[in-house]
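[1] Structure of the sequence below:
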Amino acid sequence: ASQDDAPATSAPLYSPARVRELLTRHGLKPTKSLGQNFLIDGNILRAIAEAGGAAPGVPVLEIGPGLGVLTREIHSRGAQVTTLEKDERLRAVLAETLGDTDVQIIWGDALDFDYAGLPAGTRVIANLPYYITGLLLSRFMRAPAIVSATVLVQKEVGQRLAAKPGTDNYGFLSAIAALYGSVRHVRDVPKGAFLPAPDVTSSVIRLDFDRDRPAPEPEFLKFIEAALHHRRKTLRNNLRMIGHDGEAIDAALADLNIRADVRAEDVALGDLRDMAVKLGVIR
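    Modelled structure (predicted):
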């Protein structure tokens, strides 16, 4: 018999049988509004923990442990795990699945957490709730203690994160990821690796943050967001829409040898920075 056919009590924590048994016994149903899709593929769990750098003594932050499946895999590699969980209904099941570990569980909303207080060298490893992926990634990027984030995201979000200027998926998320560091696609994850199966294919993405680089100025981030807001429009039009003078834009484009009709999505980050300097947004 396969692992998945074994009795629930002897099956590994990630097996469909064990997941269903835990959910039934604790009277739980996955909540779609919280993005709860539980991983049931051991190979995927191991790949995420490995790619994320879970190792003895490494501080790891997890978001949304669910039933504690990925948490246990990370902990088994000797990492010092802190996990954030919003759903109070999971208290009893996490006491059961993580009670024999030294994992620190913090109950509360990941959007309200103070990421500035994390230990230096923290690595995020998480199956992120899809509905707040972008917000959480921006928090990780701005937290000096976090050196990398290895996360499960919707495949299209992963494509946007890794996109380069001039490609179809390039946008604000791609730009800020490149400003803070580098992005690597680890692997795609089929719908069947989750219970319940989500509506979309997922990807494991690793972001490495270059903390030796000066953090981008808030004014520059706002400038990039505005420049790429309508990325199929010309850069000139987008900058006009946020109040910049047309003649000043034309002069800056000419000085930088950038075509007047260039679309925002085709402009390299370095050129956008030079534009921001010439328009007085940053020094």
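[2] Strands of the stretch 51-200 of the chain, residue ranges please.
    Using DSSP state E, counting those that start in this stretch, the strands of the stretch 51-200 of the chain run over residues 59-63, 80-85, 104-107, 122-127, 146-154, 181-189, 194-195.
[3] in stretch 52-63, what counts as buried?
    Buried residues in stretch 52-63, counting neighbours by 16 or more other C-beta atoms under 10 Å, are found at 52-54, 58-63. Using the backbone N, CA and C atoms, a C-beta is placed for each residue, glycine as well.
[4] can you give me how far it is from the chain middle?
    Distance of stretch 52-63 from its chain centroid, counting by C-alpha atoms, centre = their mean, to the nearest Å, is 15 Å.
[5] Mind checking the pLDDT average for that stretch?
    Across stretch 52-63, pLDDT averages out at 98.
[6] Check stretch 229-237 too.
    Stretch 229-237 comes out at a mean pLDDT of 88.
[7] For that stretch, list the C-alpha coordinates in PDB.
    C-alpha atoms of stretch 229-237 as PDB (Å, rounded to 0.1, in the frame of the first residue of the first chain):
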ATOM      1  CA  HIS A 229       0.800  52.100 -13.600                       C
ATOM      2  CA  HIS A 230      -0.300  52.100 -17.200                       C
ATOM      3  CA  ARG A 231       2.700  50.200 -18.500                       C
ATOM      4  CA  ARG A 232       1.400  50.000 -22.100                       C
ATOM      5  CA  LYS A 233       1.100  53.700 -22.300                       C
ATOM      6  CA  THR A 234       4.100  55.900 -23.000                       C
ATOM      7  CA  LEU A 235       6.400  56.900 -20.200                       C
ATOM      8  CA  ARG A 236       5.700  60.500 -21.100                       C
ATOM      9  CA  ASN A 237       1.900  60.100 -20.700                       C
END
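[8] which residues touch that stretch?
    170-172, 227, 238, 241, 246, 249-250, 253, 258, 260-265, 267, 275 (C-beta atoms under 8 Å, 6 or more residues apart in numbering).
[9] how about it: buried residues?
    In terms of neighbour count (16+ other C-beta under 10 Å), stretch 229-237 has its buried residues at 231, 233-236.
[10] Mind listing residues that contact stretch 194-204?
    Applying C-beta under 8 Å, 6+ apart, the contact partners of stretch 194-204 are 16, 19-20, 30, 37-40, 44, 47-48, 51, 130, 150-159, 185-191, 193.
[11] what's the first-to-last distance across that stretch?
    14 Å (C-alpha to C-alpha, to the nearest Å).
[12] Name the residue most distant from the centre of the chain?
    residue 247 (39.2 Å; C-alpha atoms, centre = their mean).
[13] who's in contact with that one?
    No contacts exist for residue 247 under C-beta under 8 Å, 6+ apart.
[14] Where does it sit: helix, strand or coil?
    Following DSSP: H, G, I helix; E, B strand; the rest coil, residue 247 is assigned to helix.
[15] what do you get for residue 270?
    helix.
[16] what number of residues lie near it?
    10 (other C-beta atoms under 10 Å).
[17] Check residue 205 too.
    26.
[18] That one against residue 161, yeah?
    Yes. If you go by C-beta atoms under 8 Å, residue 205 and residue 161 touch, sitting 5.7 Å apart.
[19] overlap in contacts of these two?
    153, 183.
[20] Just give the nearest non-adjacent residue to residue 125, would you?
    Nearest residue to residue 125, sequence neighbours excluded (C-beta to C-beta, 6 or more residues apart in numbering): residue 52, at 3.6 Å.
[21] I appreciate the help and will end here.
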